[in-house]
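**Student:** What follows is a predicted protein model with its sequence.
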Amino acid sequence: MGDPKKIRKKYSTPMHPWIGSRIEEERAFRKEYGLGNKKEIWKMMSQLTDFKDRAKKLIARQDAQGEKEREQLLARMARLGLIQKDASFDDILGMSVRNVMERRLQSILVRKHLARTHKQARQMITHRHVLINGQVVTSPGHIITLDEESTIAFAPRSAFANESHPERLSEEEISQKRAKEEDKKKKIVKAEEEVPAYDEKAIEEAEVLAGEKKAEKKKDIIQDPAAPTETPKTKEKTSEPKKKPTDPKKDEKPTKPEEKTSEPKKKPAEPKKSEKKDDKPAKPKTDAKKSEKSPEKPKGGEE
């Protein structure tokens with residue numbers, strides 16, 4: 001459950017922190033919608049991924065509980081104004097972050113011409129000037145339902161409640177902004193209409209005509225006797241590997257007088273121990289020397 005004093009994290013950070021395209025996109029979102037930091041973008045992205053994950057799981061389910069949850073999810077998304085009432089799960093999977101950003105309280109104040117810019121709308125919300133159903137809301141990222149959208153108003157004690165306030169838009173400015181918005185919508189519609197729509201039947205007919213023309217060309221070639229006929233050369237497949245061209249100089253090897261045989265050399269038979277002793281020269285016997293004694297010398301006093 002966790003400690004109630006510590007609020008649970010409601011967003012997931014990007015997988016890689018340093019990606020140039022993603023950083024530029026987040027910077028553009030932050031400037032366009034007047035966001036305080038990138039955490040607000042990550043919150044909307046995580047909420048969108050939750051919607052898409054639920055839709056993917058419910059598409060695969062085919063039981064009664066799955067049908068009930070599918071209806072509840074579609075009703076909730078339609079109530080939030082993210083999809084239309086007759087939409088399907090394909091519309092949920094095709095949503096982008098911009099669809100969720102447009103349903104924030106900060107964006108709706110600008111769209112209803114209660115604020116000039118997104119930054120001004122953020123200041124109004126955080127300074128407790130905005131009410132929803134008679135209650136103060138201080139969260140600029142609060143997602144508004146279609147029923148709540150008609151109940152947005154300024155607090156009675158707020159200075160913005162007076163329509164003659166200098167920061168409030170006049171009727172002329174509101175009409176000019178609406179005219180610009182309509183022009184943008186018309187340009188978008190024209191750009192979509194100018195995109196060429198590919199007709200599948202026309203493509204099929206063109207493919208058939210191309211096939212017929214190829215067949216006619218082949219017939220003309222066969223019927224024309226003057227046309228040179230080329231028989232396709234059949235390559236004989238051989239299992240032998242291709243031999244590389246060799247230089248005759250490299251192939252010539254110096255002739256050797258005699259080629260050594262690969263047979264191992266035989267070692268000479270070692271004589272036995274008994275033979276070794278016999279082959280050695282006999283040593284002179286020392287016993288005879290010992291027996292032959294030198295003549296005794298006469299003693300000094302005797303003659």
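**Tutor:** Nice, I can see it. Numbering: from 1, shown residues only.
**Student:** so what are the domain limits for this protein?
**Tutor:** With automatic domain parsing as the criterion, the domains of the chain are listed as 7-99, 104-168, 170-218.
**Student:** which of those domains is buried the deepest?
**Tutor:** domain 104-168 (a mean of 16; mean count of other C-beta atoms under 10 Å). The C-beta positions use only the backbone N, C-alpha and C, and glycine is treated the same way.
**Student:** Give me the distance between the closest residue to Leu58 other than its chain neighbours and Thr145.
**Tutor:** Leaving aside its sequence neighbours, Leu58 sits nearest to Arg70 (C-beta to C-beta, 6 or more residues apart in numbering; 4.9 Å). Using C-beta to C-beta, to the nearest Å, Arg70 is found at 20 Å from Thr145.
**Student:** rewinding a little: columns mean pLDDT on top of the domains of the chain, output as CSV?
**Tutor:** Output for those, formatted as CSV (pLDDT from 0 to 100):
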stretch, mean pLDDT
domain 7-99, 94
domain 104-168, 95
domain 170-218, 80
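**Student:** now the strands for this structure?
**Tutor:** In the chain, the strands defined using DSSP state E lie at 130-132, 135-136, 152-154.
**Student:** Please name every helix or strand in contact with the last one.
**Tutor:** So the one you mean is strand 152-154. Judged by 3 or more C-beta pairs under 8 Å, 6 or more residues apart in numbering; DSSP states H and E, the packing partners of strand 152-154 are helix 105-111, strand 130-132.
**Student:** in its sheet, what does the last one sit against?
**Tutor:** This points to strand 130-132. strand 135-136 (antiparallel), strand 152-154 (antiparallel) (DSSP bridges).
**Student:** quick one, which of those strands is nearest to Gly94?
**Tutor:** Nearest to Gly94 among these is strand 152-154 (28.2 Å), distances taken as C-beta to C-beta.
**Student:** Output the strands of the chain in a markdown table, with distance to Ser12 appended to each entry.
**Tutor:** Putting the strands of the chain into a markdown table (distance: least, C-beta to C-beta, whole Å) gives the following:
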| stretch | distance to Ser12 |
| --- | --- |
| strand 130-132 | 28 |
| strand 135-136 | 30 |
| strand 152-154 | 30 |
